[in-house]
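In: when you get a sec, could you give me coordinates for this:
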Amino acid sequence: MTRPRLIFVNRVYWPATAATAQLLTDLAESLAARGWPVHVICAGQASGAHQGVIIHRTGADHQLGGLCSRVRRYGDFNRGAEQQLATLAGPNDIVVLMTDPPLLGAHLTDRALRCGARVIHWIQDIYPEIITAHLGQLTTWPLWPWRLKRNAAWQAAQASVTLSASMVATIAAAAPTIAPAVIPNWAPSELQVPAAAEAIATCRAKWGLADKCIVAYSGNLGRVHEFKTILAVAARLKNQPEIAFLFIGTGAHFDGLRSAATARQLTNISFLPPVSRENLAVALAATDIQLVTLNPAFTNLVYPSKLAGALAAGRPVLFVGPARGEIAQLLTAEDCGQAVSPGDDEALAAIITQWQLDLPRRRQLEQKARAAYTKYFTLTQAVDRWVEILHRVAATVKG
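Out: Next comes the predicted model:
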């Protein structure tokens with residue numbers, strides 16, 4: 001059977017470094033390497049090709065800015081993407097719609113179907129429910145029309161892919177006739193090979209933390225993440241000079257956390273800007289314990305993908321979030337970390353202190369972390385699953 005063209009639509013793509021840009025780049029290039037004809041519609045200028053993927057840029061700026069600018073640029077991209085899709089897509093193509101901008105699938109599903117294409121929704125986060133969880137129930141009714149349109153788009157698709165079983169439950173409640181596949185986001189391919197010990201030592205020395213037990217949060221500290229517990233535990237442990245806290249990244253809560261740490265004179269917390277993909281393996285492995293957090297209000301709406309990178313780096317994970325949720329269950333089942341509920345800084349401090357003192361246990365946790373990555377979070381596993389879904393959807397295409 002001739003493979004259909006794949007047309008991915010997402011606001012960001014290579015060379016952008018946003019999370020969905022990196023994920024889509026990995027998947028698109030991997031599928032192209034396996035012989036699939038792959039196109040990507042994204043924001044920016046200068047269409048072309050890269051690593052076997054044909055890139056169609058809408059001309060819309062991929063940089064966002066404040067709320068008004070963000071809304072305007074989302075709209076610009078949606079209109080540009082629809083125009084590109086109307087020109088590009090045809091019968092037997094498979095259009096994969098991501099969720100950047102939010103509700104992209106609600107905007108473009110009908111256009112793809114009218115072109116005769118089949119649609120797959122790749123659901124990274126669930127809007128507009130995230131807005132309601134963040135701003136409160138007062139936003140529910142104004143967003144209801146968008147929810148209905150989103151639900152109809154999900155129902156009309158030939159397949160959908162999301163990140164966790166809890167997200168599947170939310171999607172199934174909104175669109176009962178679809179059964180999303182679960183494909184977790186993978187760790188960046190640069191983490192397939194563990195970082196060299198010499199590079200790790202150099203990185204720790206550069207940070208000025210060579211002799212510390214480094215407890216790190218790496219990545220976006222966004223609105224769905226929990227940070228107050230980490231701030232509280234740093235305050236609890238500020239008189240233990242052998243333990244250092246490190247934040248690498250950016251995000252909506254990042255500046256607030258830094259200001260709070262300064263106000264409370266928490267000199268055991270350091271802040272660094274995001275690192276490039278090329279340096280990520282070393283930066284993650286140069287830490288001793290990785291933190292992953294999730295505000296419980298967003299449990300069924302997102303899945304922290306930074307978990308995959310932490311495990312790939314072979315670092316035990318402390319999860320601050322739903323203590324009986326999927327991440328907590330995985331850490332327990334694979335014996336590669338522990339979970340504590342938000343607000344329980346006493347328990348979190350006790351675990352950190354215990355692990356800092358017990359190096360043999362930490363080494364065991366590191367081995368189990370790497371094993372969990374190999375079991376669940378490799379790019380190859382994700383691509384294999386995607387290929388299965390694409391073949392299934394392609395088999396429904398006549399022609």
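
In: how is this protein divided into domains?
Out: 6-186+378-394, 190-376 (automatic domain parsing).

In: how about the nearest residue to the residue nearest the centre of the chain, chain neighbours excluded?
Out: The centroid of the chain falls nearest to Ser305 when counting by CA atoms, centre = their mean (3.9 Å). Spatial nearest neighbour of Ser305, excluding adjacent residues (CB to CB, 6 or more residues apart in numbering): Asn185 at 4.0 Å. For glycine as for every other residue, the C-beta is placed from the backbone atoms N, C-alpha and C.

In: for that neighbour, give me phi and psi.
Out: For Asn185, the backbone dihedrals (degrees, to the nearest 10) come out as phi -60, psi 140.

In: list the residues that contact it.
Out: The contact partners of Asn185, by CB atoms under 8 Å, 6 or more residues apart in numbering, come to 19, 23, 124, 163, 303, 305, 308, 377, 382.

In: ranges for the helices of the stretch 101-250 of the chain?
Out: Per DSSP state H, counting those that start in this stretch, the stretch 101-250 of the chain carries helices over the ranges 104-114, 129-135, 140-156, 165-174, 197-207, 228-236.

In: pairing partners for Ile120 in the sheet, please.
Out: Taking DSSP bridges as the rule, Ile120 bridges to Val96, Ala159.

In: that one contacts Thr162, correct?
Out: No: counting by CB atoms under 8 Å, Thr162 is not a contact partner of Ile120; they are 11.1 Å apart.

In: what segments of the stretch 251-399 of the chain are helices?
Out: 254-263, 277-285, 306-312, 326-334, 345-357, 359-376, 379-394.

In: among these, which is nearest Leu294?
Out: Checking the helices of the stretch 251-399 of the chain against Leu294 by CB to CB gives helix 326-334 as the closest, at 7.3 Å.

In: for that closest one, which residues meet the burial criterion?
Out: Residues of helix 326-334 classed as buried by neighbour count (16 or more other CB atoms under 10 Å): 326-328, 330-331, 334.

In: for it, output the C-alpha coordinates as PDB.
Out: Output in PDB follows, covering the C-alpha atoms of helix 326-334 (Å, rounded to 0.1, in the frame of the first residue of the first chain):
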ATOM      1  CA  GLU A 326      -0.100   8.000  37.400                       C
ATOM      2  CA  ILE A 327       3.300   9.500  37.900                       C
ATOM      3  CA  ALA A 328       3.300   8.500  41.600                       C
ATOM      4  CA  GLN A 329       2.300   4.900  40.600                       C
ATOM      5  CA  LEU A 330       5.000   4.700  38.000                       C
ATOM      6  CA  LEU A 331       7.700   5.900  40.400                       C
ATOM      7  CA  THR A 332       6.600   3.300  43.000                       C
ATOM      8  CA  ALA A 333       6.300   0.500  40.500                       C
ATOM      9  CA  GLU A 334       9.700   1.100  39.000                       C
END
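
In: what's the end-to-end length of stretch 90-103?
Out: 22 Å (CA to CA, to the nearest Å).

In: ok so, going back, lowest-confidence stretch among the domains of the chain?
Out: Lowest mean pLDDT within the domains of the chain: domain 6-186+378-394, a mean of 92.

In: taking the contacts of Asn185, tell me the two that lie furthest apart.
Out: Greatest spatial distance among those (CB to CB): Gln124 and Phe377, at 15.4 Å.

In: contact partners for Thr109?
Out: By CB under 8 Å, 6+ apart, Thr109 lies in contact with 97, 119, 121, 152-153, 156-157.

In: need the longest helix for this protein.
Out: As assigned by DSSP state H, the longest helix anywhere in the chain is helix 67-88.

In: just give the nearest non-adjacent residue to Val224, would you?
Out: That would be Phe298: by CB to CB, 6+ apart, it lies 4.2 Å from Val224.

In: show me the contacts for that neighbour.
Out: Counting by CB under 8 Å, 6+ apart, the residues that Phe298 touches are 130, 133, 224.
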